[in-house]
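Undergrad: Need coordinates for the following:
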Amino acid sequence: MKIWLDPWTLKTSHIDDMVSSFPEISFSTVLEESYDADAIICMPGYAKKHYLEKFNQLKWIQLMTAGYDACDVSYILDRDILLTYAKDVFSIQIAEDVFSKILYFNRNIGIYHEQMKTKSWQHTPVRYEIAHATFGIIGAGSIGTEVATRAKAFLAKTIGYKRTPTHHIVYDELYHDRKGLEHLLKVSDYVIVAIPLNEQTRHMIGKTELSLMKPSALLINVARGDVIDQDALIDALNHQIIRGAGLDVTSPEPLPQDHPLWQTPHVYITPHNSSASPYIHQRLVNEIKESIQRYLKSQPCDNLVKV
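TA: As a prediction, this is how the structure comes out:
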């Protein structure tokens, strides 16, 4: 078996670890010498038709990201190529980032940070807690489940939404249809968006959905910018339809300096960095090695992309 390994993301030490773990596999990091590969391990930018059509023997693509919206998914599946993603690599740190955004609003962190610059000692009322609140998690996958696990530690109620029927003990309620999604939006104090972007989820959260939310609710997006209708969100924040929004993703990215979202009240923006972690490379290597083992043994992949 031959695998082309995209060398631009992993460190040399991690690549060496992978190569030594599978001596029976021929690994290559040179693209031009790898078009006869049976599998490729890459970033989504290489999972495009104009690259993939050069790989005549390709049977499997392992992505090094949790998102796959930048791939030519239809082309890949039409060729009966297995497509797997980095399912559990980013979940822990993104879940931690979700709570940093919630606490930014709840504990007036932005206000106090500005006061430090002028050495001002003034109290701002705290009006919200996480304890006993309700978390609505849109996208009850690995990231959403890590968020729900931490929400439970804060004594919060958890409601999940996932298109594929499933069950997980960490959720108090779990829905799979439109009616359930609307219920989640109506009752949640914190709405967390962690669902993949595809044609079904593009602008999934728009004017109608935002109007269903509580005026006191926070919206946190760690998915993709286009899952939310950004114009509708700006309007909702300007008219205090919801309390605020914590966004790690926007549309477009980078967000232009003259974009109105920068000037919108009650928004906290970070530059698509919620997945940052000192442990990300080792987690990625572990995930890829497990996927390779499953593939070699013809075992079902638990990180298979299905559309």
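
Undergrad: now the strands: where do they sit in the stretch 1-150 of the chain?
TA: When secondary structure is read from DSSP state E, counting those that start in this stretch, the stretch 1-150 of the chain shows strands at 2-5, 26-28, 39-42, 60-63, 82-84, 134-138.

Undergrad: quick one, helices of the stretch 201-307 of the chain?
TA: 207-212, 230-238, 280-296 (DSSP state H, counting those that start in this stretch).

Undergrad: Save the strands of the stretch 1-150 of the chain as a markdown table, and put in mean neighbour count too.
TA: Heads up, the C-betas are built off the backbone N, CA and C, glycines and all. Output for the strands of the stretch 1-150 of the chain, formatted as a markdown table (neighbours: other C-beta atoms under 10 Å):
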| stretch | mean neighbour count |
| --- | --- |
| strand 2-5 | 22 |
| strand 26-28 | 16 |
| strand 39-42 | 25 |
| strand 60-63 | 23 |
| strand 82-84 | 20 |
| strand 134-138 | 26 |
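
Undergrad: Include distance to Gln240 and mean pLDDT when you put these into a markdown table, please.
TA: Putting the strands of the stretch 1-150 of the chain into a markdown table (distance: least, C-beta to C-beta, whole Å; pLDDT from 0 to 100) gives the following:
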| stretch | distance to Gln240 | mean pLDDT |
| --- | --- | --- |
| strand 2-5 | 50 | 97 |
| strand 26-28 | 55 | 97 |
| strand 39-42 | 44 | 97 |
| strand 60-63 | 40 | 97 |
| strand 82-84 | 42 | 96 |
| strand 134-138 | 20 | 98 |
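
Undergrad: Which among these is found nearest to Ile269?
TA: The closest of these to Ile269 is strand 134-138. By C-beta to C-beta, the value is 19.4 Å.

Undergrad: so what's His113 up against?
TA: If a contact means C-beta atoms under 8 Å, 6 or more residues apart in numbering, then His113 has no contacts.

Undergrad: pLDDT value on it, please?
TA: Per-residue confidence at His113 stands at 97 (pLDDT).

Undergrad: Turn the helices of the stretch 201-307 of the chain into JSON lines, including mean pLDDT and distance to His132.
TA: As requested, these are arranged in JSON lines below (pLDDT from 0 to 100; distance: least, C-beta to C-beta, whole Å):
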{"stretch": "helix 207-212", "mean pLDDT": "98", "distance to His132": "21"}
{"stretch": "helix 230-238", "mean pLDDT": "98", "distance to His132": "25"}
{"stretch": "helix 280-296", "mean pLDDT": "94", "distance to His132": "32"}
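
Undergrad: of all the strands of the stretch 1-150 of the chain, which lies closest to Lys49?
TA: Going by C-beta to C-beta, the one of the strands of the stretch 1-150 of the chain nearest Lys49 is strand 60-63, 12.3 Å.

Undergrad: Show me what the closest one packs onto, helices and strands only.
TA: Contact here means 3 or more C-beta pairs under 8 Å, 6 or more residues apart in numbering; DSSP states H and E; on that basis strand 60-63 packs against strand 39-42, strand 82-84, helix 280-296.

Undergrad: want to throw these into CSV with distance to Asp258?
TA: Formatted as CSV, the helices and strands packed on strand 60-63 follow (distance: least, C-beta to C-beta, whole Å):
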stretch, distance to Asp258
strand 39-42, 34
strand 82-84, 37
helix 280-296, 32
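
Undergrad: Deepest-packed of the ones you listed, please.
TA: Among the helices and strands packed on strand 60-63, judged by mean count of other C-beta atoms under 10 Å, the one packed with the most neighbours on average is strand 39-42 (a mean of 25).

Undergrad: can you list contacts of that one?
TA: Here strand 39-42 makes contact (C-beta under 8 Å, 6+ apart) with 1-6, 34, 46, 55, 58-64, 288, 295.

Undergrad: Stretch 23-33 now?
TA: Under the criterion C-beta under 8 Å, 6+ apart, residues 1-7, 15, 18-19, 34, 37, 292 lie in contact with stretch 23-33.

Undergrad: Report the contact partners of the residue nearest the centre of the chain.
TA: Centrality entry for the chain: nearest residue to the mean C-alpha point is Ala223, 4.0 Å, by C-alpha atoms, centre = their mean. With contacts defined as C-beta under 8 Å, 6+ apart, Ala223 is in contact with Gly139, Val193, Ala194, Ile195, Pro196, Leu197, Val249.

Undergrad: Model confidence for the nearest residue in space to it that is not next to it in sequence, exactly?
TA: Spatial nearest neighbour of Ala223, excluding adjacent residues (C-beta to C-beta, 6 or more residues apart in numbering): Val193 at 4.8 Å. Reported pLDDT at Val193 in the predicted model: 98.
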